[in-house]
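Novice: I'd like to go over a predicted model; first the sequence, then the structure.
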Amino acid sequence: MIYTVTFNPSLDYIIQVNRFQVGTINKTNFEKILPGGKGINVSIVLSNLGHDSTALGFTAGFTGKEIENRMKDFGCKTDFIHVKEGLSRINVKMKSDEETEINGQGPKISEENIQELFDKLNTLTSDDILVISGSIPSTLPDDMYERIMKHFQDKNIRIVVDATKNLMMKVLQYKPFLIKPNNIELGELFNVTLNTQEEVIPYAQKLQEMGAQNVLISMAGKGAVFIDENKHIYQSIAPKGTVVNSVGAGDSMVAGFISGYLETSGNYEHAFKKGICSGSASAFSENLCTKKEVENLLNTL
């Protein structure tokens with residue numbers, strides 16, 4: 001089974017307003033509500049690609065229940081921890097002359113809730129894959145990633161980490177199965193600017209030297225680079241298409257990689273290509289990618 005953890009899931013209220021004006025009433029001409037969060041996106045894309053997963057995390061109140069309902073609409077299994085205090089957040093994403101986002105806070109998560117999460121994670125075995133991704137809410141300790149990685153370091157569970165800056169660097173010592181920064185995030189880790197695949201490679205190798213087993217670097221329209229646990233380097237251009245919405249593209253790449261890895265019993269080249277095509281297919285669509293969209297792009301690589 002694949003498990004995803006989203007520490008602070010949301011309902012994303014996506015609206016479009018013509019020429020938004022401050023201090024007056026504005027009317028929407030488009031609106032949509034989706035469950036949000038990086039791990040949630042991974043679960044949705046996995047479901048679209050035909051893989052079962054269980055979404056874990058913390059939810060609260062009526063918004064938390066609606067997140068669960070909408071996840072089930074996508075065919076996803078959920079096993080969220082229901083927090084007593086507060087509400088799952090609503091994030092407003094407004095498209096107008098400029099894009100504006102207002103993100104909610106989320107519920108207050110207690111030590112008891114954290115222990116509940118670990119109780120659920122303790123049921124995982126070496127046959128499972130765990131994806132932990134996204135930011136840490138202020139009500140959680142900032143070492144949550146490390147606590148999870150340390151807890152499982154002797155259990156041979158394949159853990160995928162998609163995080164930025166210190167969250168990423170601090171878990172490398174626990175040898176995550178896969179990490180997936182983009183080239184901008186990779187550059188921030190080492191205080192450099194990385195524009196080409198050739199520039200990315202030595203810094204991806206550094207992350208591997210620091211402990212990561214497999215390193216996947218997304219580069220938007222410039223393609224991607226992947227270094228597997230055997231130190232083999234894969235490079236690919238990006239599939240051709242028109243970018244409609246880049247939100248969730250990185251999460252789709254993670255899901256596509258896992259899908260390709262599992263369906264070929266560990267063929268890294270196929271996993272890499274399916275990851276690229278899944279990320280691109282989501283970027284070329286208003287919604288997260290479908291199986292057919294991914295397969296269409298795979299035929300072009």
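Specialist: Sure thing, it's come through.
Novice: pLDDT of stretch 98-112, averaged?
Specialist: Stretch 98-112 carries an average pLDDT of 92.
Novice: how near is the closest residue to Glu229 other than its chain neighbours to Leu207?
Specialist: For Glu229, ignoring the flanking residues on the chain, the nearest one in space by CB to CB, 6 or more residues apart in numbering is Gln213 at 4.5 Å. C-beta here means a position set from N, CA and C on the backbone, and glycine is covered the same way. From Gln213 across to Leu207, the span is 10 Å (CB to CB, to the nearest Å).
Novice: Looking at the two, which is more packed in?
Specialist: Shown here are Gln213 and Leu207; by other CB atoms under 10 Å, Leu207 has more neighbours (22 against 16).
Novice: Helices along this protein, start to end?
Specialist: When assigned using DSSP state H, the helices of the chain occupy the ranges 38-48, 61-73, 111-121, 144-152, 165-169, 183-190, 197-209, 249-263, 268-283, 291-298.
Novice: what's the closest of the ones you listed to Ile233?
Specialist: With CB to CB, the closest approach to Ile233 among the helices of the chain belongs to helix 197-209: 6.3 Å.
Novice: Go ahead and confirm Arg147 touches Leu140.
Specialist: No: Arg147 sits out of contact with Leu140 when judged by CB atoms under 8 Å, with a separation of 9.9 Å.
Novice: Look at these two and report which has more neighbours.
Specialist: Between Arg147 and Leu140, counting by other CB under 10 Å, Leu140 is the more crowded of the two (20 against 14).
Novice: Next, the contact list for the closest residue to the more buried one other than its chain neighbours, please.
Specialist: What sits nearest to Leu140 in space, not counting adjacent residues and going by CB to CB, 6+ apart, is Ile109, at 5.5 Å. With contacts defined as CB atoms under 8 Å, 6 or more residues apart in numbering, Ile109 is in contact with 7, 58, 83, 137, 139-140.
Novice: Next: Gly61.
Specialist: Gly61 makes contact with 86-88, 107, according to CB under 8 Å, 6+ apart.
Novice: 7 Å instead?
Specialist: 86-88 (CB atoms under 7 Å, 6 or more residues apart in numbering).
Novice: quick one: which of those residues is most hemmed in?
Specialist: With neighbours defined as other CB under 10 Å, the most crowded of those is Ser88; it has 29 neighbours.
Novice: thinking that residue is in contact with Ala60, fair?
Specialist: Yes: Ser88 is within contact range of Ala60, at 5.3 Å (criterion: CB atoms under 7 Å).
Novice: related to what we said a few turns ago, tabulate the helices of the chain (CSV), appending distance to Val92.
Specialist: What follows is the helices of the chain, written out as CSV (distance: least, CB to CB, whole Å):
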stretch, distance to Val92
helix 38-48, 17
helix 61-73, 13
helix 111-121, 26
helix 144-152, 26
helix 165-169, 25
helix 183-190, 25
helix 197-209, 34
helix 249-263, 20
helix 268-283, 21
helix 291-298, 27
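Novice: From what I see, Phe226 and Tyr234 are in contact.
Specialist: Yes: using CB under 7 Å, Phe226 is in contact with Tyr234, at 4.3 Å.
Novice: Find residues that contact each of the two.
Specialist: The contact lists of Phe226 and Tyr234 share Phe272, where a contact means CB under 7 Å, 6+ apart.
Novice: Neighbour count: these two, which is higher?
Specialist: Phe226 (25 against 16).
Novice: And the worst-scoring helix or strand of the chain on mean pLDDT, what does it pack against?
Specialist: Counting by mean pLDDT, DSSP states H and E, the chain has its least confident helix or strand at helix 165-169, which shows a mean of 86. When contacts are defined as 3 or more CB pairs under 7 Å, 6 or more residues apart in numbering; DSSP states H and E, helix 165-169 packs onto helix 183-190.
Novice: Buried residues, the helix it packs on. List them.
Specialist: For helix 183-190, a neighbour-count test (16 or more other CB atoms under 10 Å) marks 183, 185-189 as buried.
Novice: what's the spacing between it and its chain's center?
Specialist: Offset of helix 183-190 from its chain centre (CA atoms, centre = their mean, to the nearest Å): 17 Å.
Novice: Taking helix 197-209 as reference, get the angle to it.
Specialist: 50 degrees (axes from the mean of the first three to the mean of the last three CA atoms, to 10 degrees).
Novice: Could you tell me the angle between the direction of helix 183-190 and that of helix 249-263?
Specialist: 100 degrees.
Novice: Could you double-check that Asn48 lies in contact with Lys292?
Specialist: No: if you go by CB under 7 Å, Asn48 and Lys292 don't touch, sitting 9.4 Å apart.
Novice: neighbour-wise, which of those two wins?
Specialist: Legend: neighbour count by other CB under 10 Å for Asn48 and Lys292, higher for Asn48 (26 against 10).
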